[in-house]
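# Please work out how this folds:
(2 chains)
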There are 2 protein chains.
Amino acid sequence: MFNLYRWGRSVLQKNITAHDIANHLGISQSTVSRVFTPGASVSEKTRRRVLEAAELLGYRPNMLARSLITKKTNMIGLVMGDIDNPFYPEVLSKLSGELKKRQYNVLLLNAENDDVPSESLIQFLGYNIEGLVVTDVLLSSSIVSQFAELDIPIVLFNRYTTNAHCHTVCCDNMDGGRRIGEYLLRTGHRRLAFISGDPNTSTSQDREKGFRDALLNEGLHFMTESGGYTYEMAYEAANRLFLRADRPDAIFCANDIMAIGAIDAAKKLGVRVPEDVSIIGFDNIKPAAWAGYDLTTWTQPVDRMIEATIDLLLEKIEEPDRRSQADYQWIKGHLVERNTVMTRNKND
Amino acid sequence: MFNLYRWGRSVLQKNITAHDIANHLGISQSTVSRVFTPGASVSEKTRRRVLEAAELLGYRPNMLARSLITKKTNMIGLVMGDIDNPFYPEVLSKLSGELKKRQYNVLLLNAENDDVPSESLIQFLGYNIEGLVVTDVLLSSSIVSQFAELDIPIVLFNRYTTNAHCHTVCCDNMDGGRRIGEYLLRTGHRRLAFISGDPNTSTSQDREKGFRDALLNEGLHFMTESGGYTYEMAYEAANRLFLRADRPDAIFCANDIMAIGAIDAAKKLGVRVPEDVSIIGFDNIKPAAWAGYDLTTWTQPVDRMIEATIDLLLEKIEEPDRRSQADYQWIKGHLVERNTVMTRNKND
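Here you go, the predicted structure:
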């Protein structure tokens, strides 16, 4: 009996090619190639047959050699910072999953604290990545220029800059902040506070700006504390707010991790949520739904943001003449009412 | 005046090489190369000068063309599954950070639900990755064989198999389970329960096995419920335990996310933790330390596990004659006492 496995091993030395797979299955070589080519169409049945043969015979498309000719590496660079906030692992997981579906692979750069080393990004260029997605870190303008010179598109996810070489997909953070402000006013709150995230980020700035706009419409000001987008800093910030003589009746935290810190601080001091103080977050991460918090918050429409990011990036990759035009997309989120905000009598 | 920036742009068309950078700075070409070569030594001052010139002139080492000659791509594949458990984003972040320090880049494959598509791994081979790290997913044995044929080492992180081609770095889960059992017995608990993770994983199996061993030493059995490593399933599992006539006086959950679910379920039912029931987790993720939970748990020594993983992987990459010997490393964790376990009178 012909032993396919043995045969596979014995011919392995001579490097299996798409041609060998095609011969073996009695199909054309271009069909085999299509299975490993991004976006190419091939029936599910054929795909499975080719993959089984490829696995058995040890075939692998030489992406690197191929890329030197076609300039396609199907690699996308992803630069990401804060992994402690569960929002970003969720983004990472979904983004890499969706890119995979479109046959792109993710070369990851995890930047500790905002600081992206230049040589890491220059190395990325050396891998001929076809595009770059950047989440919660800042790029130097000289690096951005270098990507632009090489005609490699950059999409910022939930960040923006005035640099014309960067495209942007953002949650409409200003709209979110404004509508949270309006919601807290509508539910009868009058002594409001804001716990900010990292003050250098557009996400925190825009959420605060929208919130301020809503309050100014009613002639109201608000207290602010800095929470640095971390549980620990927000816990301390909330403590300071709770100890004020004019304790707030509602606190808007610029993300959920901070809102959770504020809730825990309230519990410790015997301040009841929402009876004594309403607390609202931003992101709608999984722990926000945990029964221990049941946090009213603002959903960032992650799925739509990721779809838009990939559409934009691939459009720029595949249609080079559209690269020079900077594109911005703002995607609106929505309120998720749980149990940390209550309606108050306006005459309290 | 000589305009370096202009010059940089004008020569960009002809592709900047290490030679150009070297000429410009009046240093040797090999010094320039060393800045972009893994592990090569170069002074911090020179490194900075080269990087500045590289950024300005738009130099990038062609990693791909170079890799076809040297067979070094400095890419490590990382296959990871469950990103909802904060333990794994932490692993991802630290692992990619440490690899970066050793000049390796991470090509990421995020597997939804255990199921790793073959073509994704075959593509990884096509990128000439030099090694593979796999966390919480299973590889088919035919894929493992293919990596072995190509002499590409695989290190499993916190998983193991009898497949001789896979090396392993694991938290000593059995030891952890046993010592948790001993701790709960020592603190006077007699009606014990275990909420398991995914029953197909060695992590959950080993934690349970160690726990069982400790209890059998005292002739005790324990109740079990399945929690699937998720908050939601553990919440339901804990509910079932709390409604039993012989309600447990202590629950060991196979990870922290499940212990948090069990605590929330207890709160909802008015079962006091730890007065009515002690709860202990495993992992020591950040939320375990949040004031709202203050969870007693078991630390997985992530930093040491990651260091061992990288040491093992790079040893196998750099010393090919050591690849054939399967290596296993078991690293012990330790107890973190917080406030969800209390000492009981043994005569209760």
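
# any idea what residue A:218 is structurally, helix, strand or coil?
Applying DSSP: H, G, I helix; E, B strand; the rest coil to residue A:218 yields a three-state assignment of coil.

# residue contacts, it?
Contacts for residue A:218 (C-beta atoms under 8 Å, 6 or more residues apart in numbering or on different chains) come out as residue A:185. Just so you know, the C-beta spots here come from the backbone N, C-alpha and C atoms, and that holds for glycine as well.

# Quick one, grab the pLDDT at it.
If you check residue A:218, the pLDDT there is 93.

# Pull up the gap between it and residue B:33, please.
64 Å (C-beta to C-beta, to the nearest Å).

# same check, this time on residue A:327
Remark: distance between residue A:327 and residue B:33 (C-beta to C-beta) = 38 Å.

# Ok, residue A:91 next?
From residue A:91 across to residue B:33, the span is 36 Å (C-beta to C-beta).

# Could you report the neighbour count for residue A:308?
Using other C-beta atoms under 10 Å in any protein chain shown, residue A:308 is surrounded by 20 other residues.

# Could you list the residues of the stretch 151-300 of chain A in contact with chain B?
By the rule C-beta under 8 Å from any C-beta of the partner chain, the part of the stretch 151-300 of chain A lying against chain B is A:231, A:235, A:260-261, A:263-265, A:267-268, A:286-287, A:290-293.

# Which of those sits closest to residue B:112?
Proximity of those to residue B:112, judged by C-beta to C-beta, is greatest for residue A:286, which lies at 16.0 Å.

# residues near that closest one, how many?
Using other C-beta under 10 Å, residue A:286 has 17 neighbouring residues.

# pLDDT wise, what is it at?
For residue A:286, the pLDDT comes out at 93.

# isn't it right next to residue B:84, touching?
Yes: judged on C-beta atoms under 8 Å, residue A:286 makes contact with residue B:84 at a distance of 6.3 Å.

# can you give me how far stretch A:117-131 is from the chain middle?
Put simply, stretch A:117-131 sits 20 Å off its chain's centre (C-alpha atoms, centre = their mean, to the nearest Å).

# do stretch A:166-184 as well
Centroid separation for stretch A:166-184 versus its chain: 16 Å, with C-alpha atoms, centre = their mean.

# just the strands in the stretch 101-250 of chain A please.
Along the stretch 101-250 of chain A, counting by DSSP state E, counting those that start in this stretch, strands occupy A:105-110, A:131-134, A:154-157, A:166-171, A:192-196, A:223-226, A:250-253.

# how about those strands in JSON lines, adding distance to residue B:253, mean neighbour count and mean pLDDT?
Shown next, in JSON lines, are the strands of the stretch 101-250 of chain A (distance: least, C-beta to C-beta, whole Å; neighbours: other C-beta atoms under 10 Å in any protein chain shown; pLDDT from 0 to 100):
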{"stretch": "strand A:105-110", "distance to residue B:253": "29", "mean neighbour count": "24", "mean pLDDT": "90"}
{"stretch": "strand A:131-134", "distance to residue B:253": "36", "mean neighbour count": "25", "mean pLDDT": "94"}
{"stretch": "strand A:154-157", "distance to residue B:253": "34", "mean neighbour count": "24", "mean pLDDT": "94"}
{"stretch": "strand A:166-171", "distance to residue B:253": "34", "mean neighbour count": "24", "mean pLDDT": "94"}
{"stretch": "strand A:192-196", "distance to residue B:253": "31", "mean neighbour count": "26", "mean pLDDT": "98"}
{"stretch": "strand A:223-226", "distance to residue B:253": "35", "mean neighbour count": "18", "mean pLDDT": "97"}
{"stretch": "strand A:250-253", "distance to residue B:253": "29", "mean neighbour count": "30", "mean pLDDT": "98"}
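
# Indicate which one of the ones you listed is closest to residue B:77.
Nearest to residue B:77 among those is strand A:105-110 (9.3 Å), distances taken as C-beta to C-beta.

# Adjacent strands (with direction) for the closest one?
In the sheet, strand A:105-110 lines up against strand A:75-80 (parallel), strand B:105-110 (antiparallel) (DSSP bridges).

# Select, out of those, the one closest to residue B:339.
For these, distance to residue B:339 was read as C-beta to C-beta. The smallest value, 33.8 Å, belongs to strand A:75-80.

# Not counting the closest one itself, show me its contacts.
Counting by C-beta under 8 Å, 6+ apart, A:88, A:91-92, A:95-96, A:99, A:104-111, A:116, A:121, A:124, A:127-137, A:139, A:313, B:107-108, B:127 sit against strand A:75-80.

# follow-up on the earlier one: which of residue A:91 and residue B:33 has more neighbours?
residue A:91 (24 against 18).
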